[in-house]
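Novice: Next come a sequence and a model predicted from it.
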Amino acid sequence: MRLKLPANDWQPRAHQKSFWDYLENGGKRASVVAHRRWGKDDVLLRRFGIAGLERAGNYWHLLPEKDQARKAIWNAVNPHTSKRRIDEAFPKEMRRRTLDNEMMIEFINGSTYQVGGSDRYDALVGSTPVGIGFSEWALSNPHSWAYLRPILLENDGWAAFITTPRGKNHAWTMHNAASSDPAWFNLTSPANQTGVFTPEQLAQERAELIREHGADEGEALYEQEYLCSFEAAIIGAYYTAEFRRLEAEGQITSVPWHPTVPVQTSWDIGFGDSTAIWFVQIVGREVHVIDYYEANGVDIGHYAKVLKEKPYAYSDALLPHDAGAGELGTGKSISRMLSDLGVRNQVLPRDDVDAGIMQARQLLPRCWFDAKKCGPGIEALRQYRRDYDEERKVFAKRPLHDWSSHAADSFRYLAMGLREAPAKSKPIAYPKLGIA
């Protein structure tokens, strides 16, 4: 059998060639920020096909969420050929079998290519990938890379991060770092430099975005989507203005724990999903957010153990309303289980999400966040946003449920149930670290 790859005579276009050549020559780390319709996933698909036959192993193509991965990659059809993208990249001659439910292709040499969501990174840790492509990295859970990178380090594997910008978030931080690190490939590829669109087409896109979203937001979206600008705020983000103010006032800094002040925790409890916990102290009118913890796939006893291992003295934990309902199989509620484990708690009434978001907005100006211990939670609050319907050009009425939701829901419960400190408590000034 003769098999020519890339299949179907695919060749990288001029603007893709440096990225393609880097991967083909054995590059290990790549950060690519490129405009819409650049062909980012196309490059990854073709590279996975070759890599899987060059080195037997598992290869993962990860989008922010599993359902998104199925729609954008696994089931996607090339409009120019009317063929599925995976069928073009992985011809039947190279496959042993295809598992639709798992979105997995097994190659004739035993390698596997699998499409999935980086939102459930902990569920992927048990496997041993040798190559990972993170697509739409700016919208993905940044913790996924922290969990998966040791696996690639051990396996001498490779990782590529491809994205369009979404504000100055983790993708911006990574891309900036990669630009000065010789171990990384770094490429910024805006639409006015690739030739994918004509100047007339770009002008039309800009005009339509301005017409649909107004002059300021439309211009910002055009620069984000087509000119690869990180300056635009995350579209639909709830707390953009509040975090700009916190940064300007130096309220994202180093915030030490004060042993004489009780620590209040607020929980978003995941039933088959992530559980997120904020740790705060009230000092005068200030809310000192000193710690944050999130995990997935562990029982409630794990979180009680985490609390006990920290040196804090706690007031009642704030729990969402459904923590008071009995669990199937045990008959005990989460609230009761935590009480039995020594975690005193208070179950909050069912909340109105919009009202809770408003309360969170009112609370944020009073907050001082520890930049290091609360880093993952801060990033989630920045990313928390309304869903956007690209076809109808409208925002949904409710928040997008993704990896950022757990921290944001937990913070909303904090805003609803926070107990004020005694009036004698005095606010404490902290040094500004200039965090942006």
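Specialist: That came through, no problem. Quick caveat, the model's predicted, so the values are computed rather than measured.

Novice: Verify the stated contact: G417 with P320.
Specialist: No: between G417 and P320 there is no contact under Cβ atoms under 8 Å: 9.9 Å. For every residue, glycine as well, the C-beta is placed using N, CA and C.

Novice: quick one: common contacting residues for those two?
Specialist: Common contact partners of G417 and P320 (Cβ atoms under 8 Å, 6 or more residues apart in numbering): L348.

Novice: And these two? Which one has more around it.
Specialist: Higher neighbour count among G417 and P320: P320, with 23 against 20, using other Cβ atoms under 10 Å.

Novice: What values do phi and psi take at the nearest residue to R166 once chain neighbours are set aside?
Specialist: Nearest residue to R166, sequence neighbours excluded (Cβ to Cβ, 6 or more residues apart in numbering): A138, at 3.8 Å. The phi/psi pair for A138 (degrees, to the nearest 10) reads phi -60, psi -20.

Novice: Next up, the contacts around A138.
Specialist: Residues near A138 by Cβ under 8 Å, 6+ apart: 163-167, 169-172.

Novice: One more pass at 6 Å, please.
Specialist: 163, 165-166, 171 (Cβ atoms under 6 Å, 6 or more residues apart in numbering).

Novice: Including pLDDT, secondary structure and neighbour count, could those residues go into a markdown table?
Specialist: Shown next, in a markdown table, are the contacts of A138 (pLDDT from 0 to 100; DSSP: H, G, I helix; E, B strand; the rest coil; neighbours: other Cβ atoms under 10 Å):
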| residue | pLDDT | secondary structure | neighbour count |
| --- | --- | --- | --- |
| T163 | 97 | strand | 23 |
| P165 | 94 | coil | 24 |
| R166 | 89 | coil | 24 |
| A171 | 94 | helix | 25 |
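
Novice: Can you convert those residues into JSON lines and add a column each for distance to S144?
Specialist: Below are the contacts of A138 laid out as JSON lines (distance: Cβ to Cβ, whole Å):
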{"residue": "T163", "distance to S144": "13"}
{"residue": "P165", "distance to S144": "19"}
{"residue": "R166", "distance to S144": "16"}
{"residue": "A171", "distance to S144": "12"}
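
Novice: in the sheet, who's paired with H288?
Specialist: H288 forms beta bridges with Q281, W368, as assigned by DSSP bridges.

Novice: now do I252
Specialist: For I252, the beta-bridge partners are F369 (DSSP bridges).

Novice: Can you tell me which residue is spatially central in this structure?
Specialist: N141 (2.3 Å; Cα atoms, centre = their mean).

Novice: Quick one: neighbours of the nearest residue to R285 once chain neighbours are set aside, just the number.
Specialist: Using Cβ to Cβ, 6+ apart and skipping the chain neighbours, the partner closest in space to R285 is R366 (6.0 Å). Neighbours of R366 under the rule other Cβ under 10 Å: 16.

Novice: For R366, give its distance to G133.
Specialist: Between R366 and G133 the computed distance is 41 Å (Cβ to Cβ, to the nearest Å).
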